[in-house]
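>>> pasting a predicted model and its sequence here:
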Amino acid sequence: MELTTQREDFNRQNFGDDFIWGVATAAFQVEGSCDCDGKGESIWDVFSAKRGKIKNGDKPHIACDFYNRYKEDIDLIKQLNIPHFRFSISWSRILPSGIGEINQLGIDHYNRVIDYCLEQGVEPWVTIYHWDLPQVLEAKGGWTNREVVNWFSEFVRICASNFGDKVKNWMVMNEPSVFTGAGYFLGVHAPGRLGLGNFLPAVHHALMSIAAGGRLLRELLPNTAEIGTTFSCSYIEAKSDKPRDVAAANQVNTLLNRLYIEPILGLGYPEKDLPVLKKMKKYIRPGDVESMQFDFDFIGVQLYTREIVEYSFLTPYIHANIVKAKKRNVPLTDMGWEVYPPSIYEILKQFNQYTNIRKLYITENGAAFPDEVNDDAVNDVKRTAYLQEYLQQVLKAKNEGCKVSGYFVWTLTDNFEWAEGYNPRFGLIHVNFDTQQRIIKSSGQWYGDFIKA
């Protein structure tokens with residue numbers, strides 16, 4: 001990765017006084033305490049216990065111990081001048097059986113987290129669902145069972161009723177493309193299901209749940225809540241200008257960047273550009289197309305990289321293949337993702353074309369690089385350069401009229417990175433997972449100074 005020097009004229013003021021600056025986490029990745037204080041099992045508790053599912057056999061039982069150390073980490077957020085903190089609520093910590101009896105200890109925990117944020121002058125942004133479905137509901141079909149819309153609605157109602165007097169900013173779900181694609185088609189994430197017969201109903205029911213959750217929040221928290229939801233995106237380019245490569249890239253762009261947002265916006269499934277979606281009709285009932293639509297206050301865009309796509313006869317359904325970044329002689333992160341700052345500009349421009357999106361936030365962006373601790377310091381120059389260069393592209397999009405209104409770094413602390421375990425380190429803060437020592441990295445210091453300036 002080529003390191004660049006930050007332009008002297010690049011500063012927080014360029015973005016305007018009302019631009020939101022934040023940092024993001026997720027419950028399962030940081031909390032630990034997987035079976036404490038009445039918490040039930042989630043699909044990730046079960047999946048991560050299976051042999052060979054998590055790199056190096058890493059376990060999430062402690063993670064960053066945020067459940068017990070939340071004050072320490074919120075203090076660090078305050079120290080870094082970060083005014084907004086995005087975190088998620090563990091469904092099985094609130095409802096150990098998925099539905100029914102509420103675990104008051106779980107409610108009390110999140111009230112303590114929210115209260116401490118507010119005491120420290122940090123605004124809480126709550127993600128209601130960040131991939132940790134209760135295992136008891138997965139045993140009933142999980143996201144492939146249409147009843148999940150009702151199950152999820154119950155969870156949303158409980159969150160709104162217990163936290164809505166203090167939380168003003170809500171994200172209904174995190175990246176449905178990932179938890180349905182990796183979890184219900186490829187089987188590499190929890191719950192480990194495979195095939196189109198699992199994927200399509202999971203997609204449909206997730207989208208119905210997102211809209212239902214949005215409607216419930218607006219009903220229960222009128223005039224007080226800013227309601228959004230987030231989508232994982234990748235900027236897609238064709239390997240060449242050959243018609244087959246261009247068509248393949250269009251299919252992948254439709255799958256990754258259009259399939260989930262367009263039904264929410266009332267545009268329906270983009271089956272013209274992704275014909276396999278015609279198979280979705282068996283799961284669609286009268287009124288579903290209307291029920292999937294909701295007018296969110298904002299849409300969260302989460303982007304890390306660019307993908308290059310070529311035609312592939314052997315790939316079922318889409319006849320497309322992603323050319324691995326490591327084969328393209330480009331700078332890479334520890335995840336094997338290309339470092340390509342213009343990707344965030346391009347995807348903001350793409351989403352800005354949807355006229356019925358009111359406002360865009362970058363709700364995740366960041367990078368995993370190897371970190372070295374020397375004399376209780378971590379000088380992560382690559383991550384700092386990554387953040388600077390991507391933010392410059394966000395500013396470029398904003399200056400060209402894109403309605404982007406905020407940016408959240410992924411992530412606060414190094415954490416349990418799903419199937420990759422503890423190896424990829426995304427944090428602004430280094431965590432020694434043996435001792436739980438925290439060290440603010442130079443990227444964290446830069447981000448804090450940038451926001452404060």
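It's in. Residues are numbered from 1 along each chain as shown.

>>> low-scoring pLDDT stretches of this protein, where are they?
Residue ranges of the chain with pLDDT under 70: 1-7.

>>> show me where the stretch 201-350 of the chain has strands.
226-238, 298-311, 320-323 (DSSP state E, counting those that start in this stretch).

>>> given the longest one, what are its sheet partners and their directions?
By that I understand strand 298-311. If you go by DSSP bridges, strand 298-311 pairs up with strand 226-238 (parallel), strand 320-323 (antiparallel), strand 360-364 (parallel).

>>> report the buried residues of the second one.
Neighbour-count burial for strand 320-323, counted by 16 or more other Cβ atoms under 10 Å, picks out 320-322. All C-beta spots, glycine's among them, are computed from the backbone N, C-alpha and C.

>>> most neighbours per residue, which of the strands paired with strand 298-311?
Highest mean neighbour count of these: strand 360-364, a mean of 26 (counted as mean count of other Cβ atoms under 10 Å).

>>> if we can go back for a sec, so which of the strands of the stretch 201-350 of the chain gets nearest A368?
strand 298-311 (9.3 Å; Cβ to Cβ).

>>> circling back to that earlier point, with respect to N198, which of the strands of the stretch 201-350 of the chain lies nearest?
Judging the strands of the stretch 201-350 of the chain by Cβ to Cβ, what sits closest to N198 is strand 226-238, at 18.7 Å.

>>> export only the CA atoms of that closest one, formatted as CSV.
What follows is strand 226-238, C-alpha atoms only, in CSV (Å, rounded to 0.1, in the frame of the first residue of the first chain):
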residue,chain,number,x,y,z
GLU,A,226,-34.0,8.8,13.5
ILE,A,227,-34.5,5.4,11.9
GLY,A,228,-32.2,3.7,9.5
THR,A,229,-30.8,0.4,8.4
THR,A,230,-27.5,-0.6,6.9
PHE,A,231,-26.3,-2.4,3.7
SER,A,232,-23.0,-4.0,2.8
CYS,A,233,-21.7,-2.8,-0.5
SER,A,234,-18.7,-3.3,-2.9
TYR,A,235,-17.9,-1.2,-5.9
ILE,A,236,-18.0,-3.6,-8.9
GLU,A,237,-16.1,-3.3,-12.1
ALA,A,238,-15.9,-5.6,-15.1
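
>>> now that strand: how far from the chain's centre is it?
Distance of strand 226-238 from the chain centroid (Cα atoms, centre = their mean, to the nearest Å) equals 9 Å.

>>> same check, this time on stretch 324-336
With Cα atoms, centre = their mean, you get 21 Å for stretch 324-336.

>>> what's the answer for stretch 145-158, then?
20 Å.

>>> for the stretch 301-450 of the chain, what spans make up the helices?
Taking DSSP state H, counting those that start in this stretch, the helices of the stretch 301-450 of the chain run over residues 342-352, 381-399, 442-452.

>>> list the contacts for V126?
By Cβ atoms under 8 Å, 6 or more residues apart in numbering, the contact set of V126 is 86-89, 114, 159, 163, 167, 169-171.

>>> phi and psi next, for it.
Note on V126: backbone dihedrals following degrees, to the nearest 10 are phi -100, psi 130.

>>> ok, which stretches of the stretch 51-200 of the chain are helices?
Secondary structure of the stretch 51-200 of the chain by DSSP H, counting those that start in this stretch: the helices cover 66-79, 91-94, 104-119, 135-138, 148-163, 176-184, 196-220.

>>> highest mean neighbour count out of those?
Comparing those by mean neighbour count (mean count of other Cβ under 10 Å), helix 91-94 ranks first with a mean of 27.

>>> residue contacts, the residue lying closest to A397 once chain neighbours are set aside?
Computed as Cβ to Cβ, 6 or more residues apart in numbering, the closest residue to A397 that is not its neighbour in sequence is L348, at 4.0 Å. Contacts for L348 (Cβ under 8 Å, 6+ apart) come out as 301, 360, 362, 394, 397, 402, 404.

>>> can I have the buried ones of these as a PyMOL selection?
What follows is the PyMOL syntax for the buried subset of the contacts of L348, where burial is set by 16+ other Cβ under 10 Å:
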select buried, resi 301+360+362+394+397+402+404
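
>>> distance to G228 added to the contacts of L348, as CSV?
CSV is the format used below for the contacts of L348 (distance: Cβ to Cβ, whole Å):
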residue, distance to G228
V301, 10
L360, 9
I362, 12
V394, 17
A397, 18
C402, 16
V404, 13
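
>>> and the contacts of L348, which is closest to D288?
V301 (25.1 Å).

>>> tell me how far the closest one lies from N432.
Computed as Cβ to Cβ, to the nearest Å, the V301 to N432 distance reads 32 Å.

>>> picking up where we left off before, of the contacts of L348, closest to P424?
I362 (19.6 Å).

>>> does that closest one really touch Y304, like I thought?
No - using Cβ atoms under 8 Å, I362 is not in contact with Y304, being 10.6 Å away.

>>> return the member of the buried residues of strand 320-323 nearest to V136.
Of all these, V136 sits closest to I322, with 35.3 Å by Cβ to Cβ.

>>> does F152 really touch A212, like I thought?
Yes - if you go by Cβ under 8 Å, F152 and A212 touch, sitting 7.0 Å apart.

>>> tell me the contacts of F179?
131, 143, 189, 206.
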